[in-house]
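1. give me coordinates for this.
(one chain, ligands or ions: 1)
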Amino acid sequence: MSLGRKVTLNTGATIPQLGFGTWQSEPGQVGEAVYEALKAGYRHLDLATIYQNQKEVAVGIQRAFKDIPGLKREDLFITSKLWNNQHRPEVVEAALDECLAELGLDYLDLYLIHWPVAFEKGDKLFPTAESSNGVVIDNDVSLVDTWKALLKLPKSKVRSVGVSNFTIEYLEGIIKATGVVPAVNQIERHPRLQQPELIAYAKEKGIHITAYSAFGNNNVGEPLLINTPEAKKIAEQVAKRTGKTVTGANVILAWSQVGGHSVIPKSVTPSRIAQNFQEVELTPEEIAEVDALGKNRRRFNRPYNLYTPNWDINVFGEPEEQGAKYKVNIGCGTSLIILENPAVNAVISVNLYERTDGIAPHSVPLTTFNVSCNCWQVVDLTVSSMEMSTPTFAIYGTIIHSLSLTDLQIQENTLVLVKSGKIHSLDSPVSTDHVPTILRDRGYTDPVPVRYLERSQFLIPGFVDTHNHAPQWAQRGIGRGISLLDWLDKVTFAHEAKFKDPAYARRMYSSCVSGFLKQGITTASYYGSKHGDASKILAEVCLELGQRALVGKCNMNRHAPGWYSDESAESSLNETRDFLDHISRLDPGHDLVQPVLTPRFAISCEEHLLRRLGDLAAENPWMPIQTHFNEARDEMEFTKSLFPGFRNEADLYESMGLLNSRSILAHCIFLQDEEMTRLRDLGCGIAHCPISNTCMSVYMVAPIREYLRRGIKVGLGTDSGGGFSSSMLEVMKHAFLVSNARQTSTDGKDASLSLAECFFLATLGGAQVCGLGERIGNFTVGKEFDALVIDGVVDDGVMAPVEDEDGIGIVFEKFLMTGDDRNIVGVFVGGRTVRERA
Ligand SMILES: Nc1nc2[nH]cnc2c(=O)[nH]1
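-> Purely as a prediction, here's the structure:
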């Protein structure tokens with residue numbers, strides 16, 4: 001029998017590792033074969049439009065539904081593939097519809113881009129021109145274009161999307177451009193083409209690998225791998241060891257799944273279909289014997305010079321493909337350098353153009369610089385999207401931002417000019433007629449792209465989340481109404497422990513960071529898990545997706561289960577140092593990502609560890625520090641019992657060298673008078689997290705008005721997962737609500753926070769708490785352009801409707817109180833668009 005193993009994709013769907021393939025299964029046989037496979041127990045079917053047999057496959061599936069008791073659509077995992085003449089974005093959904101119609105299905109479990117090669121769009125599966133004997137390549141549509149189109153496909157029609165025959169370079173390109181990691185890469189893989197680099201890359205990114213041509217290929221006159229004497233010998237050994245009938249095919253199929261991959265053998269012979277399903281497990285020695293079959297590397301499926309009609313394109317970058325005319329058009333960050341006025345040995349001027357649409361270079365040069373050159377050349381440069389210089393552009397419309405706690409500015413008819421990621425100038429009010437003159441006055445003779453906001457739109461600074469536990473992304477909403485320490489023990493540690501697995505970490509962090517960006521959080525101060533490696537991945541994901549972030553490896557060497565605790569103070573420190581080095585190498589200027597020292601809280605750190613972290617803080621006088629501080633009564637009492645020699649938590653952390661103007665102190669519910677004075681004098685910041693504070697066993701309200709009155713810096717935090725919401729709009733509302741409760745409980749002494757004050761705390765206040773007040777938080781000239789385009793009128797939103805008589809102040813209030821991420825239609829970080837709602 002099959003071992004019935006399934007693995008989880010990065011979309012959360014599960015895929016059976018042993019599947020059934022239909023490539024090269026003739027119509028007339030394939031329907032029967034699929035039916036036999038389903039009867040034998042296969043539940044994963046691999047199909048494709050180009051196999052031209054899907055209508056018959058459909059018959060086999062329907063017959064199986066009738067004959068196999070209890071078999072339902074949701075029991076099957078069905079993959080199909082977009083063919084090469086369907087890459088143009090405008091035809092992708094229609095192609096899927098056609099595929100579903102052929103199969104008689106409502107949805108696919110997985111839809112793949114079959115090849116990183118686009119053919120001319122149209123009815124012909126292999127379009128050819130009279131002038132050549134090869135297929136017509138359409139190199140004006142890029143992989144990024146097609147991938148984006150797949151990402152837009154409705155979930156109702158396809159559950160997961162992925163790619164096939166993609167190299168690392170192509171995967172990198174589409175991930176960098178969209179931030180979305182394909183669920184699957186289906187590749188030729190067998191002992192003679194093991195592809196270790198691609199496998200390692202996929203593991204790190206959380207991409208599942210499905211192997212096709214696992215037995216080799218019988219089109220080329222070479223024996224299938226399963227029929228080689230070596231495979232047969234291993235099969236005999238396994239048969240002897242297990243007492244089962246074992247074929248070479250069983251051996252190769254078992255080998256193919258090592259590492260969690262899936263494999264899709266094809267057969268139309270019922271006995272073989274059934275025998276392939278009799279799975280075996282190999283010992284490490286047997287696996288090594290199969291590995292050894294790979295001595296003579298062989299790729300069987302290379303379109304250039306192998307397929308008929310020929311594909312004149314270099315897909316895998318292998319020596320055999322060097323003569324190909326075309327290279328794959330990846331799309332992301334592919335820029336053209338066009339040399340102007342070239343002269344031998346002269347310094348010449350170069351314009352770097354961004355290729356924005358995959359069709360033609362954008363007409364606006366991103367930047368101009370000089371190089372020495374001694375020949376004519378046009379160079380194709382590949383630059384990652386983050387490395388690419390940010391374009392100059394302007395936005396015209398209403399801007400809303402805070403200059404201070406009490407000064408909210410609503411400025412209509414404003415022109416914001418953004419250059420090199422920063423706010424170059426801000427003119428207000430100006431009429432649209434004057435925009436060209438202003439840009440000329442600023443020295444722009446070439447056209448600068450200007451985005452004119454619509455009447456329902458306005459610009460606000462990006463939100464700053466001062467307290468966020470990235471590894472709690474999947475546990476949001478779990479475990480309310482219990483005490484903090486119980487919640488950590490019963491819910492949280494087990495969730496965070498999963499980040500030991502880098503593939504899980506990458507998958508979860510990609511989802512988390514893009515989820516926060518979508519909600520307008522352009523800066524987050526993240527606690528990682530205790531794992532240094534996973535925390536590095538978190539920082540990498542922030543960089544890749546373009547989010548500004550403080551990222552910390554959580555220090556915790558006691559009062560947590562052994563399976564989720566740093567081994568010792570020393571190992572905790574070593575891992576932290578290694579983590580800091582890594583981040584400094586990743587982003588040496590801390591332009592986007594910087595490390596933050598993160599002792600979880602005093603309960604989880606021995607005194608020695610706290611002191612040594614204090615030393616690290618002193619050695620790195622720029623580095624922020626974050627911890628939980630006076631969050632709950634049980635936590636405070638336990639801390640006191642562990643550190644009886646200190647008057648309070650402020651005294652404790654200050655003595656350890658962890659309290660200064662770089663400290664971000666989460667919660668601060670119960671501060672003694674002396675502590676408030678110390679926080680103010682030392683310039684510490686408070687991360688106010690009203691959602692989690694009101695979700696535990698006790699309803700806790702931090703006296704924010706008092707802190708503000710005393711001049712202590714305050715920002716807002718989602719505290720996502722302790723807080724159930726990852727939306728700063730929700731946090732602002734809660735901040736208002738709990739301040740209202742506080743107003744009542746203090747008989748009006750602590751006035752509630754106004755909406756404008758909450759907005760300040762979510763933007764500039766948060767930036768100040770994170771030590772970024774000079775760089776972001778509002779639209780002061782010279783600051784980096786971290787901004788959100790808000791639209792009060794979106795088709796699919798639920799914000800209170802904007803009425804004709806509503807002034808912009810009312811629209812803003814409606815957005816803060818009733819809007820959500822659907823109203824956030826554009827997100828910029830450092831002048832780069834990191835999110836755009838279609
Ligand atoms: N809210 C919250 N408080 C903590 N104190 C220590 N760890 C945590 C945590 O993960 N969340």
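2. ok, the closest residue to the ligand within the stretch 651-800 of the chain - how many residues close by?
-> The minimum distance from the stretch 651-800 of the chain to the ligand, using C-beta to the nearest ligand atom, falls at Gly722 (3.4 Å). Where C-beta positions appear, they are placed from N, C-alpha and C, glycine not excepted. Gly722 is flanked by 30 other residues according to other C-beta atoms under 10 Å.
3. contacting residues for it?
-> 469, 472, 487, 492, 689, 691-692, 695-696 (C-beta atoms under 8 Å, 6 or more residues apart in numbering).
4. between those residues, which is nearest Thr308?
-> Closest approach between these and Thr308, by C-beta to C-beta: Gln472, at 54.6 Å.
5. isn't that closest one up against Thr718?
-> No. Using C-beta atoms under 8 Å, Gln472 is not in contact with Thr718; the gap is 10.1 Å.
6. the two: which is more packed in?
-> Neighbour count, other C-beta under 10 Å: between Gln472 and Thr718, Thr718 has more, with 30 against 23.
7. how about stretch 54-67 as PDB, C-alpha atoms only?
-> Below are the C-alpha coordinates for stretch 54-67, written out as PDB (Å, rounded to 0.1, in the frame of the first residue of the first chain):
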ATOM      1  CA  GLN A  54      -7.800  16.400 -20.100                       C
ATOM      2  CA  LYS A  55     -11.300  15.800 -21.500                       C
ATOM      3  CA  GLU A  56     -10.600  12.100 -21.200                       C
ATOM      4  CA  VAL A  57      -9.100  12.500 -17.800                       C
ATOM      5  CA  ALA A  58     -12.300  14.100 -16.800                       C
ATOM      6  CA  VAL A  59     -14.200  11.000 -17.800                       C
ATOM      7  CA  GLY A  60     -11.900   8.800 -15.700                       C
ATOM      8  CA  ILE A  61     -12.400  11.100 -12.700                       C
ATOM      9  CA  GLN A  62     -16.200  11.200 -13.000                       C
ATOM     10  CA  ARG A  63     -16.300   7.400 -13.300                       C
ATOM     11  CA  ALA A  64     -14.300   7.100 -10.200                       C
ATOM     12  CA  PHE A  65     -16.700   9.400  -8.300                       C
ATOM     13  CA  LYS A  66     -19.500   7.100  -9.300                       C
ATOM     14  CA  ASP A  67     -17.700   3.800  -8.600                       C
END
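8. hmm, who's touching that stretch?
-> 22, 27-28, 30-35, 38-39, 45, 47-48, 71-73, 76, 80, 99, 102-105.
9. hmm, 7 Å instead?
-> Residues from elsewhere that reach stretch 54-67 (C-beta atoms under 7 Å, 6 or more residues apart in numbering): 22, 27, 30-32, 34-35, 38-39, 47, 71, 99, 102-104.
10. would you pull up how far stretch 773-780 lies from the middle of the chain?
-> The chain centroid and the centroid of stretch 773-780 are separated by 26 Å under C-alpha atoms, centre = their mean, to the nearest Å.
11. tabulate the CA atom coordinates of it in CSV.
-> In CSV, the C-alpha atoms belonging to stretch 773-780 read as follows (Å, rounded to 0.1, in the frame of the first residue of the first chain):
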residue,chain,number,x,y,z
GLY,A,773,11.5,60.2,14.5
GLU,A,774,14.0,62.1,12.4
ARG,A,775,13.6,59.7,9.5
ILE,A,776,9.9,58.9,9.2
GLY,A,777,6.5,59.5,10.8
ASN,A,778,5.2,62.5,8.8
PHE,A,779,5.8,64.4,5.6
THR,A,780,8.5,66.8,6.8
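12. got the buried residues for that stretch?
-> 773, 775-779 (16 or more other C-beta atoms under 10 Å).
13. pLDDT, distance to Lys327 and secondary structure for the residues you listed - can I get that in CSV?
-> What follows is these, written out as CSV (pLDDT from 0 to 100; distance: C-beta to C-beta, whole Å; DSSP: H, G, I helix; E, B strand; the rest coil):
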residue, pLDDT, distance to Lys327, secondary structure
Gly773, 96, 46, coil
Arg775, 96, 39, coil
Ile776, 97, 39, coil
Gly777, 98, 44, coil
Asn778, 97, 45, coil
Phe779, 97, 42, coil
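14. that concludes my questions; thank you for your assistance.
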